[in-house]
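Asks: Give me the fold of what follows.
(3 chains)
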Amino acid sequence: MTLLYFQILANGLVLGGLYACIASGFSLVWGVLNVINILHGSFIVLGAYLAYFAYLKAGIHPFLSILIAIPAFFAIGYGLQRLMINRIIAAPVLLTLTLTFGLDLMLQNAMILAFTADFKKLVLDPPLGSIALGEVVMPVDRIAAMVLALALTGMLYLVLSRSRIGRAIVAVRMDREAAALMGVNVPRIYAVTFGLGVMMAGASGPLLAMIFPISPLGGPAYLGKAFVICVLGGLGSVPGAMIGGLVLGVVESFGALWFGPEHAITLSFTLLILMLLARPQGLLGRKGYE
Amino acid sequence: MSALLELAGVTRQFGGLRAVSDVTLSVAQGEVVGLIGPNGAGKTTLVNVITGVHPATTGSVRFAGVDITRLRPYQAARRGIARTFQIVQPFPGMTVLENVAAAAMFAGGLSYGEAARAEAMQHLRFVGLAEVADTSAAALTLAMRKRLEFAKGLAMRPKLLLLDEVNAGLNAAEVEQALELIRTIAARGVTVLIIEHLMKVVLSLCSRIVVLHHGELIAEGAPQAIIEDPRVIHAYLGKRYAKAQAGADG
Amino acid sequence: MKRDAWSAVVLFALVALLPLSGEAYWLRLGTTVLMYGVLAMSWNFIGGMAGYPSFAVAAFFGLGAYTGAVAQKYGVAVGFAWASAGLTALLFAALLGLALLRLRGHYFAIASLVVAEVLRELVNSMTELTGGGMGLNLPIPTMSSVDAQARFFFYAMLLLAAATFAAMLLTRYSKLGFGLRCIQQNESAADMLGVDTTLYKVSAFALSGVFVGVAGAVYASWVYYIEPPDVFDVLFSVKAIVMVLLGGAGSMFGPLVGAAAFLSLEELVWRNYLEVHTGVLGLLIVALVLFLPKGLLSLSQRLGQRAKMP
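Replies: Just a heads-up that it's a prediction; the model follows:
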């Protein structure tokens, strides 16, 4: 029995690493711009499609697709923020949510038209197989995905803590006005942050494509997970997204074992609501703006 | 004169910080008490505790003989405790009249409609804002907003009025006007507790002064005694000045 | 207030004449418009008046739909089924409100959105009661003709819409409405002025749920087959919000006008551009948010400003 638990735990942690990656960008955007990017989930799906077709048509390995995704999605995010999001940056919650919701509908529709609605699965040829760590068995692709996810997340963390622009982003998150007084170009920081957020989404797409089936309507599921992770781990904090991701991964794994996989989402959402009621600032974080 | 407001051992802690530390204080009906102290002394926090915005961590607050320590702000308001804000907070999207009518309705207990409206107009006339009754509250100047705060406070039909830095940002003439208003209000029997920096105001208005420093009540008494109290001087100006002062006097 | 009331009477009376046209299509469209009108007006209680960005409409709608449907499955008469749906939604909204209305801004919005998802899953799993993922068939209403049936549901929605409007009107020009406005402007200041913010917010939230619950039940009876994803669709919440935004701030008739305008647009798109239907919906939403900034940003303020004292 303990073996089973170890296996489940391992699954959960691996999943958690991936989740941390998808949530970190979302959390950053929410924490710094105070914007909930409903498109986040769909960008992940778009990245997954990118990897799928790149592999199918050009034999580009998903790992390489990540490298393509990074600049491409950063540019998309930057442009989107400058063009649209920036116009409603100080608007009430209602508007920002509605706007990104509308944009998400458009993106989903576009993906349905472009890629058709049936599920696609990226199957590596030759498959990567599994390895055994002691008695616990892990598919290599999952482990690889987790490692890369952690690397991406780590990279984001480094950018935030070491680079000039990263420090500026953190400054804006803490106190926008003070940052502006210090000479930080706040609109540009907003655009860069949003770009980073979308970049993380798009870059995690190829990773998820290796593990889960892809569908144009799969965005909301990832978005839901990102929400939960943000509430668990606190806003705008990469370590928080890390913790939140791991917790969610483990919770989902054990939840699937005890309640059945179909209830995984309900479980995470119930967890979300409970967290919101008990401790909205998350396990780690400071209280969000609202 | 009976005690209207009684604080006993009130402490308010925020995490590791004691904003208000073991304050015991009593305000009798009809008094005008000044609450002074350097910045960060905990004066506004004390008012927040009295009005229920922050519950006291320990200690108790009694008002008109009833324990109100755990009451929510709206309950304190309905019992007759009104306060103004240091940073004025009108309802920006509503007219001046509506702002005051809200106070009359919800704290003052009047019903929706003409009664509240009439009462509001009365208070607006008292503070001299009758002409702007139908303008948006957001369009007022700072001095007018302060008067609006007064009007709202009065419309709440308070037994105790807590004024938090009503004179911040006002020029000399406006401060005089504010003083007059407060005197008239006090003359009507409203008990007043006023947080204030301007010594001129405190000295001319208050029958008693209470001094807070680092959350603690360090002195209380008649105005003249307070300003010469070495502890108070120390708090405001530092130990060396206090010593020098004492040396010069003694 | 009188003026609004009389205008409404005229409007509803005119709309009541729609069945005379004899066109089943218009009747169906009209019923849908009225239903969405109920959703939009209901959202207005909590979103417009109180200023809390609620996405809970879908939750209330689905709950009402299933309550009504299950009641009917067990032989309860249609009218009672609908009433019980409303009551259930009311109670649920009140309880949910007590829990959620402590949150503000984004957190409240997300929590309210997530509730629908959780409910959907719950309903999905209670297969014996609700049919789960296979959906639930309702008893088909026995009426003299298809026309009579269409007219029945049209009038049912009309009545519901009128009731919702009346509730909105009465609230607006009352202490509750005024208090909600104060809360929307500055909640802590309202608290300090003596407004029992919890009571008022929960009341608004409950009001935002009761009529939506009945609408859900009527809808279920109308289409006589429902599935969890149909009725717990987050789009109900989003559309309700968009309609209020579209209809414009400041008028009691905004939600209804918005519902009519939005659905007309949707019909046009649906009939002509089925494939890009959701995309165009999205585009409409985006355009609305970006290009009607004044109307939208001051939405709540303007809505509030019209609630003048008598």
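Asks: From here on, just use CA atoms for contacts and neighbour counts.
Replies: Noted.
Asks: and the gap between C:Val123 and chain A?
Replies: According to CA to the nearest CA, to the nearest Å, C:Val123 stands 11 Å off from chain A.
Asks: Is it correct that A:Ala90 falls within a strand?
Replies: No: the assignment for A:Ala90 by DSSP: H, G, I helix; E, B strand; the rest coil gives coil, which leaves it out of any strand.
Asks: give the contact list for the nearest residue to C:Ser54 once chain neighbours are set aside.
Replies: Ranked by CA to CA, 6 or more residues apart in numbering or on different chains and with sequence neighbours excluded, the top spatial neighbour of C:Ser54 is C:Ala109, at 5.3 Å. Going by CA atoms under 8 Å, 6 or more residues apart in numbering or on different chains, C:Ala109 touches C:52-55.
Asks: again, only this time at 10 Å
Replies: With contacts defined as CA atoms under 10 Å, 6 or more residues apart in numbering or on different chains, C:Ala109 is in contact with A:93-94, A:97, C:52-56, C:100, C:103.
Asks: List buried residues within these.
Replies: For the contacts of C:Ala109, burial is judged from neighbour counts taken by 16 or more other CA atoms under 10 Å in any protein chain shown, and it is met by A:93-94, A:97, C:52-56, C:100, C:103.
Asks: In strands only, show me those.
Replies: Helix and strand membership here follows DSSP state E; of the buried ones among the contacts of C:Ala109, not one is in strands.
Asks: residue contacts, C:Ala5?
Replies: In this structure, C:Ala5 makes contact with C:11, C:165-166, C:169-170, C:252, judged by CA under 10 Å, 6+ apart.
Asks: Would you mind putting those into CSV with pLDDT, secondary structure and distance to A:Ala171 alongside?
Replies: CSV is the format used below for the contacts of C:Ala5 (pLDDT from 0 to 100; DSSP: H, G, I helix; E, B strand; the rest coil; distance: CA to CA, whole Å):
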residue, pLDDT, secondary structure, distance to A:Ala171
C:Leu11, 85, helix, 54
C:Phe165, 94, helix, 48
C:Ala166, 94, helix, 50
C:Leu169, 93, helix, 47
C:Leu170, 93, helix, 48
C:Met252, 84, coil, 43
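Asks: what two of those are the furthest from one another?
Replies: Across the contacts of C:Ala5, no pair lies farther apart than C:Leu11 and C:Leu170, at 17.4 Å, counting by CA to CA.
Asks: check whether the helix or strand containing A:Ala264 contacts chain B.
Replies: Assessed by DSSP states H and E, A:Ala264 sits inside helix A:264-278. No: contact between helix A:264-278 and chain B, assessed by CA under 10 Å from any CA of the partner chain, is absent, since the two come no nearer than 17.6 Å.
Asks: and that helix, what other elements does it pack with?
Replies: Applying 3 or more CA pairs under 10 Å, 6 or more residues apart in numbering or on different chains; DSSP states H and E, we find helix A:264-278 packed against helix A:219-233, helix A:238-259, helix C:78-100, helix C:105-125.
Asks: Name the residues of that helix that are buried.
Replies: Judged by neighbour count (16+ other CA under 10 Å), helix A:264-278 contains these buried residues: A:264-273, A:275-277.
Asks: so which of these comes closest to C:Ser174?
Replies: Using CA to CA, A:Leu277 is the member of the buried residues of helix A:264-278 that sits closest to C:Ser174, with 31.0 Å.
Asks: how near is the closest one to A:Gly244?
Replies: 17 Å (CA to CA, to the nearest Å).
Asks: In the chain, where's the longest helix?
Replies: You didn't pick a chain, so chain A it is. Among the segments of chain A that qualify as a helix by DSSP state H, the longest is helix A:2-33.
Asks: wrong chain, I was asking about chain B
Replies: Looking only at chain B and at elements set by DSSP H, the helix with the highest residue count is helix B:172-187.
Asks: Grab the most central residue of chain C for me.
Replies: Nearest to the geometric centre of chain C sits C:Leu39, at 1.4 Å (CA atoms, centre = their mean).
Asks: Please verify my assumption that that residue contacts C:Thr164.
Replies: Yes: under the criterion of CA atoms under 10 Å, C:Leu39 lies in contact with C:Thr164, with a separation of 9.2 Å.
Asks: The buried ones among the contacts of C:Ala109: which two are farthest apart?
Replies: Checked with CA to CA, the buried ones among the contacts of C:Ala109 reach their widest spread between A:Leu97 and C:Leu100, with 18.1 Å between them.
Asks: What parts of the stretch 151-290 of chain A come near chain B?
Replies: Contact residues (CA under 10 Å from any CA) of the stretch 151-290 of chain A with chain B: there are none.
Asks: Where does pLDDT dip in the chain?
Replies: I went with chain A, as the question did not name one. Regions of chain A meeting the criterion pLDDT under 70 cover residues A:1, A:280-290.
Asks: meant chain C actually
Replies: Across chain C, residues meeting the criterion (pLDDT under 70) sit at C:249-250, C:293-310.
Asks: State which one residue of chain B is found closest to chain C.
Replies: Ranking the residues of chain B by distance to chain C (CA to the nearest CA) places B:Tyr74 first, at 3.8 Å.
Asks: residues touching that residue, list them.
Replies: B:51-53, B:81-82, B:106-107, C:188-197.
Asks: from those, which ones fall inside strands?
Replies: Judged by DSSP E, the contacts of B:Tyr74 include B:81-82 as members of strands.
Asks: Tell me which of the contacts of B:Tyr74 fall in helices.
Replies: Secondary structure defined by DSSP H assigns B:51, B:106, C:188-192, C:197 of the contacts of B:Tyr74 to helices.
Asks: Going by distance to C:Asn44, which of those residues wins?
Replies: Top of the list for closeness to C:Asn44, among the ones in helices among the contacts of B:Tyr74 and by CA to CA, is C:Thr197 at 17.3 Å.
Asks: three-state assignment of B:Leu35?
Replies: The assignment at B:Leu35 comes out as strand when based on three-state DSSP.
Asks: List the beta-bridge partners for it.
Replies: Residues in a beta bridge with B:Leu35, per DSSP bridges, are B:Ile195, B:Val210.
Asks: what about it, how many residues close to it?
Replies: A count of neighbours around B:Leu35, defined by other CA atoms under 10 Å in any protein chain shown, yields 26.
Asks: What of A:Asn185?
Replies: By other CA under 10 Å, 14 other residues sit near A:Asn185.
Asks: List the residues that contact it.
Replies: When contacts are counted by CA under 10 Å, 6+ apart, A:Asn185 touches A:168-169, A:172, A:179.
Asks: Looking at those residues, spot the one nearest chain B.
Replies: Compare each of the contacts of A:Asn185 with chain B using CA to the nearest CA and the shortest gap goes to A:Ala179, at 23.0 Å.
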